[in-house]
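Q: Here is a sequence with its predicted model. Questions after.
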Amino acid sequence: MERSSAFTAVSGWGHVAMGVSAVAAAFLAAKQVSSFAWLRVWLGEGMLALLAGLLSCSWKANRVGLPLFSGPARKVALGLAPPIVAGAFLTFLLFRAGLGSALPATWLLLYGAGIITGGAFSVRIVPIMGMCFMALGGLAVLGPASWGNWFLAAGFGGLHIVFGTWIARRHGG
């Protein structure tokens with residue numbers, strides 16, 4: 001019954017791959033001498049993570065015989081897309097306004113919101129992951145701006161690795 005109403009093609013190993021690349025991006029971004037170079041590293045990581053997520057979900061859906069564009073999958077995408085699109089526009093607005101230090105909190109909060117709303121149509125652990133992203137985003141709002149890169153590493157890296165491993169073990173890859 002859950003398979004018919006929930007998007008179960010969430011790939012845990014895809015999340016782990018996204019997490020590992022985010023940790024690498026955090027270390028690379030930390031070595032950048034300009035804020036624009038830092039932003040380019042994280043935008044590149046975002047594109048890489050999007051590709052990894054789409055490919056891994058597609059592979060898992062094909063492997064378990066689920067349609068990738070099923071009703072639940074569309075609901076997940078419709079829940080996730082608006083905060084991601086808002087984050088993309090806010091990235092350019094905040095950076096142009098000289099508020100690049102607000103980007104880590106903004107990204108974590110919006111991604112978490114998208115994961116919660118989209119995850120409502122997925123396996124149970126996914127919205128919990130979204131809440132963790134939002135909590136970390138809240139800490140990034142309250143923490144020193146100089147820690148922003150490491151909040152991103154903890155969120156997009158650590159949370160993806162931890163929850164991806166959980167999803168892979170509990171939900172078949």
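A: Alright, I've got the coordinates.
Q: Every contact and neighbour count from this point should use C-alpha atoms.
A: Fine.
Q: For burial, what's the neighbour tally of Gly44?
A: 12 (other CA atoms under 10 Å).
Q: Buried residues, the helix or strand that contains it. List them.
A: Taking DSSP states H and E as the criterion, Gly44 maps to helix 35-64. Within helix 35-64, the residues scored as buried using 16 or more other CA atoms under 10 Å are 38-39, 41-42, 45-46, 49, 52-53, 56-61.
Q: After that helix, which helix or strand is next?
A: Past helix 35-64, the next helix or strand by DSSP H and E is helix 71-96.
Q: report the angle between the axes of that following helix and helix 35-64?
A: Note on geometry: by axes from the mean of the first three to the mean of the last three CA atoms, to 10 degrees, helix 71-96 and helix 35-64 are set 170 degrees apart in direction.
Q: Report the buried residues of helix 71-96.
A: In helix 71-96, counting by 16+ other CA under 10 Å, buried: 72-73, 75-77, 79-84, 87, 90-91, 95.
Q: who's in contact with Gly130?
A: 111-116, 119 (CA atoms under 8 Å, 6 or more residues apart in numbering).
Q: Apologies, that question was intended for Ala140.
A: For Ala140, counting by CA under 8 Å, 6+ apart, the contacting residues are 104-105, 147-148, 151.
Q: out of those residues, which is most surrounded?
A: Busiest of the contacts of Ala140 [other CA under 10 Å] is Ala105, holding 26 neighbours.
Q: Wait, that one touches Gly148, no?
A: Yes. With contacts defined as CA atoms under 8 Å, Ala105 counts as touching Gly148 at a distance of 7.4 Å.
Q: And Gly19, which helix or strand is it part of?
A: For Gly19, the enclosing helix or strand under DSSP H and E is helix 12-30.
Q: From the chain's centroid, how far away is that helix?
A: Offset of helix 12-30 from its chain centre (CA atoms, centre = their mean, to the nearest Å): 10 Å.
Q: That helix - what's its average pLDDT?
A: Helix 12-30 carries an average pLDDT of 95.
Q: That helix vs helix 35-64, what angle?
A: Going by the same axes, to 10 degrees, helix 12-30 makes 170 degrees with helix 35-64.
Q: what's helix 12-30 packed up against?
A: Here helix 12-30 touches helix 35-64, helix 148-152, helix 160-171, going by 3 or more CA pairs under 8 Å, 6 or more residues apart in numbering; DSSP states H and E.
Q: What are the contacting residues of it?
A: Contacts for helix 12-30 (CA under 8 Å, 6+ apart): 37-39, 41-42, 45, 48-49, 52-53, 56-57, 149-150, 152-154, 156-169, 171, 173.
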